[in-house]
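Undergrad: Pasted the sequence and its predicted model underneath.
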Amino acid sequence: MAVDRDQVMGVLAGVGHPGGGDLVSRDLIRALSVEGGVVRFVIEAATPDEARALGPAQAEAEAKLRALPGVTSVQVVMTAHGPAAKAPTLKIGQHPTPQQGGPQRISGIDRIIAVASGKGGVGKSTVASNLAVALARRGRKVGLLDADIYGPSQPKMMGVSQRPSSPDGKTIEPLVAHGVTMMSIGLMLKEDEAVVWRGPMLMGALQQLLGQVAWGKLDVLIVDLPPGTGDVQLTLCQRTQLTGAIVVSTPQDVALLDARKALDMFGKLKTPVLGLVENMSTYICPNCGHEAHIFGHGGVAAEAARLDLPFLGELPLALDVRLAGDSGTPIAATDRPLAAPYLALADRLIAGGMG
Ligand SMILES: Nc1ncnc2c1ncn2[C@@H]1O[C@H](COP(=O)(O)OP(=O)(O)OP(=O)(O)O)[C@@H](O)[C@H]1O
């Protein structure tokens, strides 16, 4: 039985706040997403002290949600704002500032392309990093913004770990890896301390990453979104003039089902969908060369045809793609044959005026 947002909010309303009331009545829950059995949300405390006091409430919420039938995983991020114990060098995570006049352009950036997926684990981050590197290899000035707050994986995939600097305390200097200018929400967090994400709201953080990072002049900024259809996607589409979104899916029916939800969201938000990509399409055995279709094959192309959307290509499931990502050098940055499908994807976007 699938769990829904109302059930989750019902459980959270039963988790008390040490100062009285509960997590819902105190309006602390942000960015709730319920995708299949995966529940993700942010508890936004007013101060680091409140965040610390809320530790037991967070544990209680996690335990109660895990016990709900249909819940397979619970991911909670605690954020805190207000006066920090130690002044952070980078004040990432301010409240979003009101904005008039609908989605805005970011000066110096010609195109912004969001890479999205309905479901986690289908390879969205792998596609985002490899596409960014492939576009850079084709001579484009490329930025990569990792906006996956729940599992920022671009620092690892691109092989960067230094904390970005902010010489003037306002502008954040991005990092450069494999010819790509990059920034990740993961680089602003300390690995083992969720609460040190001082500064508050998720949406403010996203706005800052887009607006305060010194991206310089870019032909294209690739944004690696969190999976699903939550607040980050909404904020990005509503506040920023996106050129469009690329939706990544595996050919499996369950992944496609979720991909349809993402497509539906972009339709409602009037964000153009540039096309669909089938990841983990074909598996070639490194030993015997046998070709197998572990997650099926052709489902995404068929879906694209059904919806009259461009099909941007198939990417093979290959051990070397994962190993390359894990090692911090995306396969597209190498001269190996497996770089070719990613370069072909970049070429398609460039040919369509999107790269
Ligand atoms: N084509 C591929 N061949 C082999 N491994 C792949 C491929 N695509 C992705 N992977 C591996 O699958 C795992 C999940 O991929 P990735 O992190 O890119 O997915 P994701 O959709 O961004 O997931 P999430 O949004 O949940 O973080 C990673 O270990 C990655 O290396």
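TA: Right, received. Where do you want to start?

Undergrad: Would you mind naming what in the stretch 51-200 of the chain lies close to the ligand?
TA: Applying CB under 6 Å from any ligand atom, we find that the stretch 51-200 of the chain lies next to the ligand at 117, 120, 121, 122, 123, 124, 125, 126, 148, 151, 153. Where you see a C-beta, it was placed from the backbone N, CA and C, and this is true even at glycine.

Undergrad: Quick one, which of these are buried?
TA: Neighbour counting over those (16 or more other CB atoms under 10 Å) leaves 117, 120, 122, 123, 124, 125, 126, 148, 153 as the buried ones.

Undergrad: What is the lowest-pLDDT residue among those residues?
TA: The lowest pLDDT within those belongs to residue 148, with 83.

Undergrad: In this structure it contacts residue 185, no?
TA: Yes: with contact defined as CB atoms under 8 Å, residue 148 counts as touching residue 185 (7.4 Å).

Undergrad: Helices of the stretch 201-350 of the chain, start to end?
TA: In the stretch 201-350 of the chain, the helices defined using DSSP state H, counting those that start in this stretch lie at 202-211, 231-239, 253-269, 299-307, 319-327, 340-351.

Undergrad: pLDDT averaged over the fifth one, what's the number?
TA: Over the span of helix 319-327, the pLDDT mean works out to 94.

Undergrad: for the third one, same thing?
TA: Here the mean pLDDT over helix 253-269 is 87, rounded to a whole number.

Undergrad: same deal with the second one?
TA: Helix 231-239 carries an average pLDDT of 83.

Undergrad: That helix vs helix 202-211, what angle?
TA: Interaxial angle of helix 231-239 relative to helix 202-211 (axes from the mean of the first three to the mean of the last three CA atoms, to 10 degrees): 50 degrees.

Undergrad: now swap in the fifth one and tell me
TA: Here helix 319-327 runs at an angle of 90 degrees relative to helix 202-211 (the same axes, to 10 degrees).

Undergrad: Does helix 319-327 reach the ligand?
TA: Yes: remark: helix 319-327 sits within contact range of the ligand at 321, 322, 325, by CB under 6 Å from any ligand atom.

Undergrad: circling back to that earlier point, return the subset of the buried ones among the residues of the stretch 51-200 of the chain next to the ligand lying in strands.
TA: residue 117 (DSSP state E).

Undergrad: wait, which of the buried ones among the residues of the stretch 51-200 of the chain next to the ligand is closest to residue 239?
TA: residue 148 (17.5 Å; CB to CB).

Undergrad: and that closest one, backbone torsions?
TA: As for residue 148, its main-chain torsions (degrees, to the nearest 10) stand at phi -80, psi 90.

Undergrad: quick one, which residue of the chain lies the farthest from its center?
TA: residue 288 (35.7 Å; CA atoms, centre = their mean).

Undergrad: returning to that earlier point: buried deepest among the helices of the stretch 201-350 of the chain, which one?
TA: Of all the helices of the stretch 201-350 of the chain, helix 202-211 has the most neighbours on average by mean count of other CB atoms under 10 Å, namely a mean of 22.

Undergrad: That one: how far from the chain's middle?
TA: Centroid separation for helix 202-211 versus its chain: 13 Å, with CA atoms, centre = their mean, to the nearest Å.

Undergrad: counting contacts, what elements does that helix pack onto?
TA: Helix 202-211 sits against helix 231-239, with contacts defined as 3 or more CB pairs under 8 Å, 6 or more residues apart in numbering; DSSP states H and E.

Undergrad: low-scoring pLDDT stretches of the chain, where are they?
TA: The chain contains residues with pLDDT under 70 at 1, 48, 80-102, 189-203.

Undergrad: just the strands in it please.
TA: Using DSSP E, strands in the chain cover 29-35, 38-45, 73-80, 109-117, 142-146, 175-177, 180-184, 218-224, 244-249, 273-284, 291-292, 311-317.

Undergrad: nearest to residue 300, of those?
TA: strand 273-284 (3.6 Å).

Undergrad: helices and strands around the closest one, which ones?
TA: Using 3+ CB pairs under 8 Å, 6+ apart: strand 273-284 touches helix 124-137, strand 244-249, helix 253-269, strand 291-292, helix 299-307, strand 311-317, helix 340-351.

Undergrad: so that strand versus strand 109-117, what angle?
TA: 50 degrees.

Undergrad: Pull the distance from strand 273-284 to the chain's centre.
TA: With CA atoms, centre = their mean, you get 18 Å for strand 273-284.

Undergrad: hang on, the earlier thing: redo the helices of the stretch 201-350 of the chain as a markdown table? Include distance to residue 135.
TA: Output for the helices of the stretch 201-350 of the chain, formatted as a markdown table (distance: least, CB to CB, whole Å):
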| stretch | distance to residue 135 |
| --- | --- |
| helix 202-211 | 19 |
| helix 231-239 | 19 |
| helix 253-269 | 21 |
| helix 299-307 | 21 |
| helix 319-327 | 17 |
| helix 340-351 | 5 |
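
Undergrad: between those helices, which one is nearest to residue 180?
TA: Of all the helices of the stretch 201-350 of the chain, helix 340-351 comes closest under CB to CB, at 11.9 Å.

Undergrad: by contact count, what packs against the closest one?
TA: Short answer (3+ CB pairs under 8 Å, 6+ apart): helix 340-351 packs on helix 124-137, strand 273-284, strand 311-317.
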